[in-house]
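In: sequence plus predicted model, see below.
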Amino acid sequence: MASKIVAPRGTQDIFPPQSGRWQELEARIHQLARRYGYGEMRTPMFEATELFERGVGDTTDIVEKEMYTFEDKGGRRNTLRPEWTAPVVRAALQHNLVQPGVAQRFYYVGPIFRYERPQAGRYRQAHQFGVECVGFKGPEADVEVIAMAMHLFRSYGIDVTLNINSIGDAACRGKYREALLEHFRPALEHLSEDSQRRLERNPLRLLDSKEERDKPFVESAPPFEAYLCDACRDHFEHVKKYLNQIAIPFVVNPRIVRGLDYYTRTVFEFVSDALGAQSTVCAGGRYDDLIKSLGGPDTPSVGFALGEERLLMTIDAAAESQENERRGIQLVALGEVARELMVTMCSLLRYSIDAPVFMDYDDRKLLAQLKIADRNNARYALVLGSEEISAGNAVLRDLVERSDRPLPLGKDLVPSLVEVMKS
RNA sequence: GCGGUUAUCGUCUAGUGGUAAGACAACGGCUUGUGGCGCCGUGUACACCGGUUCAAUUCCGGUUAAUCGCCCCA
């Protein structure tokens, strides 16, 4: 016997009824984006590898070891997108959508691919919703995208914590880096192996360490805030002020350090304790230098990415079982003559009503078909058999009230069904 | 990439060195035709490959996968 083929590691099939929850989430996402004035961007699922090497940063883990890269038959190096920001920026630049002085708001929904070790809330194909607010340098834009994410969480009534930080711009980050090196170097031997390795490469990452032996040194490390330049400090102060102003609670967390190279100034994370180790549901920040580094005009921008799987997991943990209402109608044909008539009826009804129309094409008994109607969660069953045909009436059963009513066969049948189903 | 744990019907579980039990679901039926309940009936399940053994689903090793943690990230 041939062995079963299963979905690749780290990927999952989404099928009913779970797929219904995805549709519902994405409907909310599109509605939210419309309200905030964001337009959807759809880009290819793969891009030239160079885009990510330049955009994400070629020393990041994503680029160093997590990309699905392949060569096509023309010898081009392509990569399945591991994140959306670089492709969105690329597309905006390619089509000249980025003009000085004109802000653009984009959003996206779809899969990303990273070769990682799968875990709860971490997949090799994951799905992200994200926004990119391009062209505003002021803190209002930072707060706008944060408010959007919060809006989505609130619409589900789930409890997430917003952490924010500022990692400054290129200039103040250099100074801070020096300060960190000075702080950690004397303690080098006491640090964990990982941290020793990271110190020279990217001392900022040390702040993120969860190693017990690193903790005292991390806690005594100087906060970035002390090294921010005046402009960055002012920007951060305004972000906090505006968040207070629109009643979005937050925690300033100096240890938030994002793993992608392009972030500047504001960085933020929404975390949920319903998630275990992968607790970040949504993360983002400002990337004022990215567009320029990809060959575009100097255009400050800010955005976030939200993991749909992780959001659905936190909703799962929070939500109680929601009862689904009975909807639609089951057409119950008894015998071949009735079935032939009902094929037409079925087609007409599907054009006429916005609810499921079910029909079973096997030669089943009435009892069996009613059980199917029940399982389909249909509100009504329309029964047609030889008795009904000779009497000239089909029988419409209300499966909630358990009541029957005759409906005359003929061309009024479908309109009268439509009428009944409206109420 | 590293470490821990786990792997039995579609799902959730029991159990054993001599080829496996139950619940839920599914399917059929309950005197040709009126659902949810009830009753009766129906099962190609011990992940894969090796080893030990007369005999392995059970013990051992490996592989694969899931899960938890590290790293990193959504």
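Out: Arrived safely, thanks for sending.
In: got a list of what A:I158 touches?
Out: A:272, A:274, A:314-315, A:318 (C-beta atoms under 8 Å, 6 or more residues apart in numbering). In short, each C-beta sits where N, CA and C put it, glycine included.
In: of those, select the buried ones using a ChimeraX command.
Out: A single ChimeraX command suffices to select whichever of the contacts of A:I158 are buried according to 16 or more other C-beta atoms under 10 Å:
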select /A:272,274,314,315
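In: including distance to A:P16 and pLDDT, could the contacts of A:I158 go into a markdown table?
Out: Below are these laid out as a markdown table (distance: C-beta to C-beta, whole Å; pLDDT from 0 to 100):
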| residue | distance to A:P16 | pLDDT |
| --- | --- | --- |
| A:S272 | 26 | 88 |
| A:A274 | 24 | 76 |
| A:T314 | 22 | 86 |
| A:I315 | 17 | 83 |
| A:A318 | 22 | 63 |
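In: and the furthest pair within the contacts of A:I158?
Out: The widest separation within the contacts of A:I158, taken as C-beta to C-beta, falls between A:S272 and A:I315 and amounts to 9.8 Å.
In: ok, and the closest non-adjacent residue to the one residue in the stretch 1-150 of chain A that gets nearest to RNA strand B?
Out: The stretch 1-150 of chain A approaches RNA strand B most closely through A:A120 (2.5 Å), counting by C-beta to the nearest atom of the strand. Spatial nearest neighbour of A:A120, chain neighbours left out: A:G276 (5.7 Å); criterion: C-beta to C-beta, 6 or more residues apart in numbering.
In: again, but for A:F236
Out: That would be A:S166: by C-beta to C-beta, 6+ apart, it lies 4.1 Å from A:F236.
In: quick check: A:C229 touching A:D169?
Out: Yes: between A:C229 and A:D169 there is a contact under C-beta atoms under 8 Å: 7.1 Å.
In: compare neighbour counts for those two and give me the winner.
Out: Neighbour comparison, A:C229 and A:D169: the larger count goes to A:D169, with 18 against 14 (by other C-beta atoms under 10 Å).
In: gap between the closest residue to the more buried one other than its chain neighbours and A:S301?
Out: Leaving out its chain neighbours, the residue that sits closest to A:D169 by C-beta to C-beta, 6+ apart is A:T264, at 5.1 Å. Using C-beta to C-beta, to the nearest Å, one gets 10 Å for the distance from A:T264 to A:S301.
In: check whether stretch A:279-298 comes near RNA strand B.
Out: Yes: judged by C-beta under 7 Å from any atom of the strand, stretch A:279-298 comes into contact with RNA strand B at A:279-283.
In: list the contacts of the least confident helix or strand in chain A by mean pLDDT.
Out: Among the secondary structure pieces of chain A, namely its helices and strands, helix A:193-201 has the lowest mean (mean pLDDT, DSSP states H and E), a mean of 72. Counting contacts by C-beta under 8 Å, 6+ apart, the residues outside helix A:193-201 that touch it are A:59, A:181, A:184-185, A:188, A:191, A:205-206, A:209, A:211, A:214.
In: burial measure for A:G74, as a count.
Out: 6.
In: helix/strand/coil for it?
Out: A:G74 falls in the coil class when you classify it by DSSP: H, G, I helix; E, B strand; the rest coil.
In: need the contact list for it.
Out: For A:G74, the set of contacting residues under the criterion of C-beta under 8 Å, 6+ apart is empty.
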